[in-house]
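1. Coordinates only, no sequence provided:
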């Protein structure tokens, strides 16, 4: 009898607990939905053109154009889709305090349209040379066509203006625009951009972060990019052109900054290191709490020492039996060495010959017991790995 009563009690308790959990979920969903105010509009290309070139109430972030690069074939495909009435994905924009539109998703689509129409401006406010289309399988006659042949290189080309019906059809075509209202949570547009551009892996994690930084704090993005072009840093990090195109060099710079300033309660919520980097970067951008001048001095001095001591071998593994560095740049080595030196910078600078100290410590690192122990613990969570390795670096370069 007691067993039956206990069973009934357990079932009731389970139901109550489950109800509580579902109720909490419903409350959370309701609360978050209140934070998001959106409106869906159908807007003609002509109206969008006016908003961009005349009223200047569309900001498509010229810096983004370096990250979103389509070939002329891809650009022509978009123009072809519009002409043929083939649906294209909606544009996402966020209203700012002036109710102007900040483009969250659709930068390349809008850039392509405005470039074709001859109104797209770069980050120096100069008009970008209008597009010359290429032929497609469905519309081979698009080959060599331009919107307007008044532009010098287009003088002898057939333009859409010569076929007024085609031009009107294009300008009157409607695009779906989803507007995130300015009464939404200020972080809403960044969340949307992050989800749209990571779910489908259209961009690398760092490319998404770069765009987020531009939207939140353009000064920080420019500062970060300038650090990535430091000659000593570039010499110490000989990565492939593909890696540079995917902004891996900026990710290394961001890791350097984040690892030195993050606290445990800021990464205990997840196993995803990219989520940690994105969240901390967003906090830095939003709070303006980082002393950029001081941080740059530490960065510059750290990589000056590393370059003088090791050059392009700074983050490659040293093989004692062969008495040489070899292989590719290792992220784990970067996490140990760059952070370790930065955190002990004052002590190292005041040594008689700091470069000799760094060279000796790095060549001895890979055979040390501390390194061997660390290797045993970093095969699991990426978040655990960076904390283990940066802690090792801070300790290892302190004596």
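-> Happy to help now that I have it. Note that the structure is a prediction, hence the values are computed from the model and not measured.
2. mind checking which helix or strand the closest residue to residue 389 other than its chain neighbours is in?
-> Closest residue in space to residue 389, ignoring its immediate chain neighbours: residue 335 at 4.1 Å, by Cβ to Cβ, 6 or more residues apart in numbering. From N, CA and C alone the C-beta is placed, and that goes for glycine too. Using DSSP states H and E, residue 335 falls within helix 331-343.
3. Please pull up the helix or strand immediately following that helix.
-> Helix 331-343 is succeeded, C-terminally, by helix 345-349 (DSSP H and E).
4. tell me which element residue 23 is part of?
-> Assigned by DSSP H and E, residue 23 falls in helix 2-34.
5. Would you mind identifying the next helix or strand past that helix?
-> strand 38-44.
6. what's stretch 164-182 in contact with?
-> Stretch 164-182 is contacted from outside by 36-46, 48-49, 79, 82-83, 85, 88, 90-97, 99, 101, 104, 147, 160-161, 188-189, 192, using Cβ atoms under 8 Å, 6 or more residues apart in numbering.
7. Pull out the buried positions in it.
-> Buried residues in stretch 164-182, defined by neighbour count with 16 or more other Cβ atoms under 10 Å: 170-171, 173, 175, 177-180, 182.
8. what's around residue 162, how many residues?
-> 12 (other Cβ atoms under 10 Å).
9. quick one: it and residue 145, what's the gap?
-> 9 Å (Cβ to Cβ, to the nearest Å).
10. swap in residue 337?
-> The separation that residue 337 has from residue 145, given Cβ to Cβ, amounts to 55 Å.
11. pLDDT value on residue 241, please?
-> On the pLDDT scale, residue 241 is placed at 82.
12. Check the one 5 residues further on too.
-> With respect to pLDDT, residue 246 scores 75.
13. Excluding covalently adjacent residues, which one is nearest to it?
-> Setting aside the residues directly before and after it, residue 246 is nearest to residue 204 in space (Cβ to Cβ, 6+ apart), at 4.6 Å.
14. residues in contact with that neighbour?
-> Under the criterion of Cβ under 8 Å, 6+ apart, the neighbours of residue 204 are 246-248.
15. May I see those arranged in CSV, with secondary structure, neighbour count and distance to residue 384 as well?
-> Output for the contacts of residue 204, formatted as CSV (DSSP: H, G, I helix; E, B strand; the rest coil; neighbours: other Cβ atoms under 10 Å; distance: Cβ to Cβ, whole Å):
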residue, secondary structure, neighbour count, distance to residue 384
246, coil, 18, 25
247, coil, 23, 25
248, helix, 21, 22
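16. which among the residues you listed gets closest to residue 343?
-> Distance to residue 343 across the contacts of residue 204 (Cβ to Cβ) is lowest for residue 248, with 23.0 Å.
17. What count of nearby residues applies to the residue nearest to that closest one when sequence neighbours are not counted?
-> Leaving aside its sequence neighbours, residue 248 sits nearest to residue 239 (Cβ to Cβ, 6+ apart; 5.8 Å). Counted with other Cβ under 10 Å, residues neighbouring residue 239 total 15.
18. Next, the contact list for residue 192, please.
-> So residue 192 contacts 92, 94, 104-105, 180 (Cβ under 8 Å, 6+ apart).
19. let's go with 10 Å and repeat that
-> 36, 38, 92-94, 104-105, 178, 180, 184 (Cβ atoms under 10 Å, 6 or more residues apart in numbering).
20. Please, which helix or strand holds it?
-> Going by DSSP H and E, residue 192 is part of helix 188-199.
21. Mind jotting down where the strands sit in this structure?
-> 38-44, 58-59, 91-95, 101-105, 174-180, 317-319, 324-326 (DSSP state E).
22. how about low-confidence regions in the stretch 201-350 of the chain?
-> 201-203, 269 (pLDDT under 70).
23. I figured residue 122 was touching residue 128, is that so?
-> Yes. With contact defined as Cβ atoms under 10 Å, residue 122 reaches residue 128; the gap is 5.7 Å.
24. If you count surrounding residues, which of these two has more?
-> Legend: neighbour count by other Cβ under 10 Å for residue 122 and residue 128, higher for residue 128 (15 against 12).
25. quick revisit: distance check, the residue nearest to residue 248 against residue 218.
-> Taking Cβ to Cβ as the measure, residue 239 falls 25 Å from residue 218.
26. The residue nearest to residue 389: how many residues sit nearby?
-> Burial of residue 335 is recorded as 25 neighbouring residues (other Cβ under 10 Å).
27. now swap in residue 216 and tell me
-> By other Cβ under 10 Å, 19 other residues sit near residue 216.
28. and the residue nearest to it when sequence neighbours are not counted, what is it in contact with?
-> Computed as Cβ to Cβ, 6+ apart, the closest residue to residue 216 that is not its neighbour in sequence is residue 285, at 4.1 Å. Residue 285 sits next to 190, 209, 212-221, 224 when contact means Cβ under 10 Å, 6+ apart.
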